[in-house]
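Asker: got a predicted structure here, sequence first:
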Amino acid sequence: MISNEKKGPMVSVGFGNYVFRDAIVAILTADSAPAKRILHRARENEVLMDATSGRKTRSAIVTGTYIIASAISPDTIAERAAWPEG
């Protein structure tokens, strides 16, 4: 995890791409039909950031403004964000 004094800690979403931890609203498994619809609509509305480097999308990270497609599993991203379960 990288830290930025102004915006807080950042979480690696794979392949040298990072997102501010506090910006993450949800981390979804990309295999579900609702997540696929979210990714499709985000692409259509030009609010999708693709951080997969051409690999299979395993998670969709929802922020306040963008949807980020990642090849990293949702569990791994949550661990990197160091969120307690609950």
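Answerer: Right, received. Where do you want to start?
Asker: residues contacting the spatially most central residue of the chain?
Answerer: Centroid check for the chain by C-alpha atoms, centre = their mean gives residue 61 as the closest residue, at 2.8 Å. For residue 61, the contact set (C-beta atoms under 8 Å, 6 or more residues apart in numbering) comprises 13, 19, 24, 26, 27, 28, 67, 68, 69, 70, 77. All C-beta atoms are positioned from the backbone trio N, CA, C, and that covers glycine.
Asker: just the ones of the residues you listed in helices?
Answerer: Among those, the ones falling in helices (DSSP state H) are residue 77.
Asker: ok, of the contacts of residue 61, which one's closest to residue 52?
Answerer: Minimum distance to residue 52 across the contacts of residue 61 is 5.5 Å, recorded for residue 69 (C-beta to C-beta).
Asker: so who does the closest one touch?
Answerer: Contacts of residue 69 by C-beta under 8 Å, 6+ apart are 30, 39, 48, 49, 50, 51, 52, 57, 59, 60, 61.
Asker: for it, give the beta-bridge partners.
Answerer: Here residue 69 shows beta-bridge partners residue 50, residue 60, assigned using DSSP bridges.
Asker: what's the distance between it and residue 38?
Answerer: From residue 69 across to residue 38, the span is 10 Å (C-beta to C-beta, to the nearest Å).
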